[in-house]
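> need a structure here:
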Amino acid sequence: MKILLTGSTGQLGSALLHQLKDTDYEIKLTSRRKPNEAGEYKWVYSDLLSGEGLDEAVKDVDVIIHAATSPVKNSKIVEVLGFEELLKKAEHVRHFIYPSIVGIDQIPFAYYKHKLKAEELLESSGIHHTIVRATQFHHFVENLFLTKPFLKRYIVPGNFKFQSVDVGDFSNHLMSLVEKKPQGRADDFGGPEIMTLREMAELKIKMNDETNKALSIPLAGKLYKSFCEGKNTNPSRKMGTISFENYLSNKLDG
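Numbers count the residues shown, from 1 in each chain. Below is the predicted model of the structure:
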């Protein structure tokens, strides 16, 4: 079986590449730059912005795991327009695995709107597929909110709720789907616990023995309300095994 991994240089793509190294699959990687961990695997340049290289990338592959994403820059072009072009060229594949995000149909955020549109494009493409939504990754939450204290304060929208999941847990789950039949929209994959952002900040301070403090601030708007209400969580799908505390501990252990 030949598997194409898109976005092989990103956080999820790197975790998937690590998982793929322990398999007997024939692996092809595609991204705008060659990953350092590519090793002996075939790498093909492709760009969802321009469409360059997509034909060669999808040629002769059986399964595509689509880890390529662009949450900030050129989001609509990459997530919707570029993705649509990829689907047109991938009609022959037996299984298209699409990682998505919990709550994209309930949270008013442009990137989430684009991910939802991509799901709809895949569902209407006729390609056999599995869409699986995950909650936010541990490293994403930490990097976005808990890396740069201001005047020894982590300033956080403290009522935000997260069910963060380890990227390794999720990549392992995605790999388990390769040998299964396409499921369409599969069950969500959430982290093992739901915490407020303030709780996460205080846990990091405690575990790292920091002198910083957590300072909660209220925000207004529909986006803020969505995260406070936990629209980005799924309490019935606590599938991950590595908690945020485990993640922090693993970082300390190096």
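> Please make it C-alpha for all contacts and neighbour counts, starting now.
OK.
> Read off the pLDDT value for K73.
Per-residue confidence (pLDDT) for K73: 89.
> tally of neighbours for it?
Applying other Cα atoms under 10 Å, we find 10 other residues in the vicinity of K73.
> Over to P108?
For P108, using other Cα under 10 Å, the count is 16.
> do the same with K206
Around K206 there are 13 residues (other Cα under 10 Å).
> host element of it?
Here K206 sits within helix 197-207, counting by DSSP states H and E.
> So what touches the helix or strand following that helix?
As assigned by DSSP H and E, the chain's next helix or strand after helix 197-207 is strand 213-216. With Cα atoms under 8 Å, 6 or more residues apart in numbering as the test, strand 213-216 has contacts from K152, R153, Y154, I155, V156, P157, G158, N159, R198, A201, E202, I205.
> Distance from the chain centre to the helix holding K206, please.
23 Å (Cα atoms, centre = their mean, to the nearest Å).
> same deal with stretch 120-128?
20 Å.
> Which members of the contacts of strand 213-216 define the maximum pairwise distance?
K152 and N159 (20.0 Å; Cα to Cα).
> quick one, which of those two is more surrounded?
Higher neighbour count among K152 and N159: N159, with 21 against 13, using other Cα under 10 Å.
> Excluding covalently adjacent residues, which one is nearest to that one?
Nearest in space to N159, with sequence neighbours left out and distances taken as Cα to Cα, 6 or more residues apart in numbering, is C228 at 5.3 Å.
> Using PDB, write out every CA atom in the helix holding K206.
Output of helix 197-207 as PDB, limited to C-alpha atoms (Å, rounded to 0.1, in the frame of the first residue of the first chain):
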ATOM      1  CA  LEU A 197      -7.100  28.000  30.500                       C
ATOM      2  CA  ARG A 198      -6.400  29.400  33.900                       C
ATOM      3  CA  GLU A 199      -6.100  25.900  35.400                       C
ATOM      4  CA  MET A 200      -3.700  25.000  32.600                       C
ATOM      5  CA  ALA A 201      -1.600  28.100  33.300                       C
ATOM      6  CA  GLU A 202      -1.500  27.400  37.100                       C
ATOM      7  CA  LEU A 203      -0.500  23.800  36.400                       C
ATOM      8  CA  LYS A 204       2.400  24.900  34.200                       C
ATOM      9  CA  ILE A 205       3.500  27.400  36.900                       C
ATOM     10  CA  LYS A 206       3.400  24.700  39.600                       C
ATOM     11  CA  MET A 207       5.200  22.000  37.500                       C
END
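> by contact count, what packs against the helix or strand harbouring H114?
Element membership for H114 (DSSP H and E) is helix 110-123. When contacts are defined as 3 or more Cα pairs under 8 Å, 6 or more residues apart in numbering; DSSP states H and E, helix 110-123 packs onto helix 75-76, helix 83-89, strand 95-101, strand 129-134.
> for the ones you listed, which one sits closest to K28?
strand 95-101 (14.4 Å).
> angle of that closest one against strand 129-134?
Interaxial angle, strand 95-101 versus strand 129-134 (axes from the mean of the first three to the mean of the last three Cα atoms, to 10 degrees): 20 degrees.
> strand partners of strand 95-101, parallel vs antiparallel please.
strand 63-66 (parallel), strand 129-134 (parallel) (DSSP bridges).
> For the first one, the averaged confidence score.
Per-residue pLDDT over strand 63-66 has a mean of 99.
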